[in-house]
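Asker: Compute the structure for the input listed below.
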Amino acid sequence: MMFKKSAIGLFAGLISGMFGAGGGLVLLSIFVHILKLEEKEARATTIASILPMATVTGIFYSSNNLIEWNLAIKCAIGGIIGAIIGTRLLKLLSNTVLRGLFVVFLVYISFKFIMG
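Answerer: Have a look, this model is predicted:
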């Protein structure tokens, strides 16, 4: 079972490293649909799993001078505030509402990618 979980992490890390994001989408889906975690537990576990992946990816991107630091810092500040609000909302919203909001988000992002 440990190999399976490490393989899931490897796959998510590849997605995160190649696309700069997406590892969380992969992990969340796998945690809920394959490993059968409860929705809120899956979301929290996804965030805990992403932190080391994002740190390592950021180090490699930084070593190649690919980060626009002014933009990254400003987004990080907003992201911290958003994370605080989001974790509080996570406690209040039902799994059904969370799933619905996530689907709306994915459809919107998919549409934006397709339309360019």
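
Asker: Find the centremost residue of the chain, please.
Answerer: residue 24 (2.7 Å; CA atoms, centre = their mean).

Asker: what sits against it?
Answerer: Residues in contact with residue 24 (CB atoms under 8 Å, 6 or more residues apart in numbering) are 12, 16, 46, 47, 50. To be clear about C-beta, it is placed using only N, CA and C from the backbone, and glycine gets the same treatment.

Asker: Which of these scores worst on pLDDT?
Answerer: Taking those together, the minimum pLDDT is found at residue 16 (77).

Asker: circling back to that earlier point, so what's the residue nearest to the centre of the chain scoring on pLDDT?
Answerer: So, for residue 24, pLDDT stands at 84.

Asker: Pull up the gap between it and residue 15, please.
Answerer: Distance of residue 24 to residue 15, given as CB to CB, to the nearest Å: 9 Å.

Asker: do the same with residue 87
Answerer: Distance from residue 87 to residue 15, by CB to CB: 23 Å.

Asker: quick one: which of these two has more around it?
Answerer: Between residue 87 and residue 15, residue 15 has the larger neighbour count (other CB atoms under 10 Å), namely 18 against 12.

Asker: Need phi/psi at the more buried one.
Answerer: phi -60, psi -50 (degrees, to the nearest 10).

Asker: correct me, but it touches residue 29?
Answerer: No: under the criterion of CB atoms under 8 Å, residue 15 is not in contact with residue 29, lying 11.1 Å apart.

Asker: Residue 63: which of the contacts of residue 24 is nearest?
Answerer: residue 16 (16.5 Å; CB to CB).

Asker: Could you pull out the buried residues of the host helix or strand of that closest one?
Answerer: Assigned by DSSP states H and E, residue 16 belongs to helix 2-19. Residues of helix 2-19 classed as buried by neighbour count (16 or more other CB atoms under 10 Å): 8, 9, 12, 13, 15, 16, 17.

Asker: ok, and for stretch 26-43, which residues are buried?
Answerer: 26, 27, 28, 30, 31, 32, 37, 39, 42, 43.

Asker: The residues you listed into CSV, with extra columns for distance to residue 59?
Answerer: Shown next, in CSV, are the buried residues of stretch 26-43 (distance: CB to CB, whole Å):
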residue, distance to residue 59
26, 21
27, 20
28, 24
30, 25
31, 25
32, 29
37, 29
39, 31
42, 27
43, 25
